[in-house]
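A.B. asks: coordinates for the following, if possible.
(2 chains)
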Amino acid sequence: MAEVKLMKGNEVIAEAAIRCGCDGYFGYPITPQSEVMETLMLRKPWEETGMVVLQAESELASINMVYGAAATGKKVMTSSSSPGISLMQEGLTYLAGAELPCLVVDVVRGGPGLGTIQPAQSDYFQAVKGGGHGDYHLIVLAPASVQEMNDFVDLGFELAFKYRNPAMILADGVIGQMMEKVQLSDYKPRWTDEEIEKISGDWALTGKKANRQRHIATSLELDSYKQEVFNQKLQAKYREMEEKEVRCEEIACEDADYLFVAYGSCSRICQKAVQLAREKGIKVGILRPITLYPFPTKEIANLAKKVKGILTVEMSAGQMVEDVRLAVNGLIPVEHYGRFGGVIPTPDEIVEALEKQIIGA
Amino acid sequence: MSIELEDIIKPENIVYKKTPVLTDNVMHYCPGCLHGVVHKIIAEVIEEMGIQDKTIGVSPVGCSVLAYNYLDIDWAEAAHGRAPALATGISRLHPEKYVFTYQGDGDLASIGCGEIMHACNRGENIVVIFINNAIYGMTGGQMAPTTLLGQVTATTPYGRDAKLNGFPLRITELIAQLDGTCYVTRQTVHTPAAVRKAKAAIRKAFENTKKDKGTSFVEIVSTCNSGWKLDPIQANKWMVENMFPKYPLGDMKDI
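C.D. replies: Next comes the predicted model:
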């Protein structure tokens, strides 16, 4: 019988990590996601599953602890919020360059700088376009509920190992802090040494045995031509993700004349806006990207052939709207409505924006 | 009767053999550089302890960034200064492994100052090999935190001035104050006797890992004849005369 509980999004990340057989968590406190490590420390998973939990001296250190542990083929993760994720960009580009799997949770708060501790979606660019230096992408999952905070821990690790690439759960302060009913995952045991050998035996640092070459986790290649070949390999991997891993949800799109594109908590607010708009006779639906990278470009392009206009709703000054415009490629009007700096849009103002910016334009 | 080469290289005549833990790759280090000596003694310790399959190295950014080409063990190559964080991640999840970092003065004492302090303070069960040659070698001879006052580098062309650049950082003395460290020593490798002592220190450090004693920290005062613009013999002499007074050799802590 599955366990159903009322829990905070951040607490669920911790619970889901333990239950999915995560080997290690390295983190540093930052609002609004400190409950992740607090919950882990309280749960003492090292006594239960053997999972290691360590408070690092900084986000720089925690992502590099993840780098070291991930290089050994273990399932390891960290979590933080925007300013901390900025510090982790160095480690993330090294992880992507060394092709190592790991999971990073970003519970986004308003910026720039120290900004605010209130929810925002203003780190979309940082998350989906690479974030650090060099040509790379993270796999980015955008949960819209506490349930998805649970589900995406396992999914994040699955995709990270499938593609040997860091995966990120891009949540926001709303999803991290709010309490909802959640069906927790069943316990999966941590991988044994034999399983790690089977899954990652051709690259993991498990100690050089006499019967194999030494394994090196590195992103360094001083020969530019070889570095270009490596980059082409990375790009081929990203094209494969774009082909196979796009996830999105269509809500009330069958008869829609207009479309909201929104992810995370904004997609939840848009659900209410759809209801309000339809009461006024405006047929609007929602396309909710679940993977922000790879982005549901084809799905949005297809919907653009059926609707008259698209409004993206983000808690940012307009970031995802750029990818929506690229997908639509000028076919129909695409406008952005955003509140930012920690302010959350209301359903009423979203409907008003639709009427003003799209229908009445 | 003439002596043939085959007679000389008979197994019973061999008095020295390269350890198999050292690969056959040609080292990229400048002639006269001491990195190769330190690599060799680490490799010998790994061979003698029979821990090649249990040792994971973490290389830094700096001249020894390519250390993974020379020691035939599993390696991770860290971002600049972050090797102790990587080593922490590896060691925490693999307490049975021998994990060591190999870092220069810029990597360890400048950009990685935070990571090394906290790894040592937590008493991570790792070995730290710290090569101090008072200069940034890889990037072309700029000032390091350990550069001596008056020392000319690419970024201190008129000599290191305390008012402008601060003072040489004796980080090993600071590390010795941290409760997480069990063994903190400063060695060098410019003479056969020094090499033997340094090797014994590195051996002790790896034995400490075996006993789960915490962090062992071995500084090797070294040269950079290219960066110092001296020939190898002059560089060794300069090190003895200028580096040793500021960075005196010997154990600072051995618990």
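
A.B. asks: show me which residues of the stretch 101-250 of chain A are close to chain B?
C.D. replies: By the rule CB under 8 Å from any CB of the partner chain, the part of the stretch 101-250 of chain A lying against chain B is A:205-210, A:214-220. For glycine as for every other residue, the C-beta is placed from the backbone atoms N, C-alpha and C.

A.B. asks: which ChimeraX command selects the buried ones in those?
C.D. replies: The buried residues among those can be selected in ChimeraX (16 or more other CB atoms under 10 Å in any protein chain shown) with this line:
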select /A:205,206,207,208,214,215,216,217,218,219
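
A.B. asks: among the residues of the stretch 101-250 of chain A next to chain B, which are in strands?
C.D. replies: Counting by DSSP state E, these place A:216, A:217 in strands.

A.B. asks: quick one: which two of the residues of the stretch 101-250 of chain A next to chain B are the most distant?
C.D. replies: Farthest pair in those (CB to CB) is A:210 and A:219. Separation: 27.6 Å.

A.B. asks: and stretch A:258-266, how far out from the chain middle?
C.D. replies: Put simply, stretch A:258-266 sits 16 Å off its chain's centre (CA atoms, centre = their mean, to the nearest Å).

A.B. asks: oh sorry, the question was meant for stretch A:314-324
C.D. replies: 16 Å.

A.B. asks: span of that stretch from start to end?
C.D. replies: Using CA to CA, to the nearest Å, one end of stretch A:314-324 lies 12 Å from the other.

A.B. asks: which residues touch residue 122?
C.D. replies: Picking chain A for this. Residues in contact with residue A:122 (CB atoms under 8 Å, 6 or more residues apart in numbering or on different chains) are A:82, A:108, A:110, A:111, A:112, A:315, A:316, A:317, A:319, A:340.

A.B. asks: if you could check chain B rather than the one you did, that'd help
C.D. replies: Applying CB under 8 Å, 6+ apart, the residues near residue B:122 are B:88, B:180.

A.B. asks: in the sheet, who's paired with the residue of the stretch 251-361 of chain A found nearest chain B?
C.D. replies: Here the stretch 251-361 of chain A gets closest to chain B at one residue, residue A:293, 22.6 Å apart by CB to the nearest CB. Going by DSSP bridges, residue A:293 is paired in beta bridges with residue A:140.

A.B. asks: for chain A, give me the ranges with low pLDDT.
C.D. replies: Along chain A, the model assigns pLDDT under 70 to residues A:1.

A.B. asks: setting aside sequence neighbours, what's the nearest residue to the residue sitting furthest away from the middle of it?
C.D. replies: Distance to the chain centre peaks in chain A at residue A:210, reaching 39.7 Å (criterion: CA atoms, centre = their mean). Nearest residue to residue A:210 in three dimensions, chain neighbours excluded: residue B:53, at 7.3 Å (CB to CB, 6 or more residues apart in numbering or on different chains).

A.B. asks: wait, the one you found touches residue A:209, no?
C.D. replies: Yes: the criterion here is CB atoms under 8 Å, and residue B:53 meets it with residue A:209 at 5.3 Å.

A.B. asks: the stretch 101-250 of chain B against chain A: which residues are in contact?
C.D. replies: Counting by CB under 8 Å from any CB, the stretch 101-250 of chain B sits next to chain A at B:114, B:115, B:117, B:118.

A.B. asks: same thing but at 6 Å, please
C.D. replies: B:115, B:118 (CB under 6 Å from any CB of the partner chain).

A.B. asks: who's in contact with the residue in the stretch 101-250 of chain B positioned nearest to chain A?
C.D. replies: The stretch 101-250 of chain B approaches chain A most closely through residue B:118 (3.9 Å), counting by CB to the nearest CB. Listed by CB atoms under 6 Å, 6 or more residues apart in numbering or on different chains, the contact partners of residue B:118 are residue A:57.

A.B. asks: one more: residue A:138?
C.D. replies: Residue A:138 neighbours (CB under 6 Å, 6+ apart): A:166, A:168.

A.B. asks: recalculate using a threshold of 8 Å.
C.D. replies: Taking CB under 8 Å, 6+ apart, one finds A:92, A:96, A:104, A:127, A:128, A:130, A:131, A:165, A:166, A:167, A:168, A:293 in contact with residue A:138.

A.B. asks: among those, which lie within strands?
C.D. replies: Short answer: the contacts of residue A:138 in strands (DSSP E) are A:104, A:166, A:167, A:168, A:293.

A.B. asks: how near is the fourth one to chain B?
C.D. replies: Right, the one you point to is residue A:168. 18 Å (CB to the nearest CB, to the nearest Å).

A.B. asks: and residue A:27, its phi and psi?
C.D. replies: phi -150, psi 170 (degrees, to the nearest 10).

A.B. asks: that one: how many residues sit nearby?
C.D. replies: 28 (other CB atoms under 10 Å in any protein chain shown).

A.B. asks: Three-state assignment for the residue nearest to it when sequence neighbours are not counted, please.
C.D. replies: Computed as CB to CB, 6+ apart, the closest residue to residue A:27 that is not its neighbour in sequence is residue A:37, at 4.5 Å. Three-state assignment for residue A:37 (DSSP: H, G, I helix; E, B strand; the rest coil): helix.
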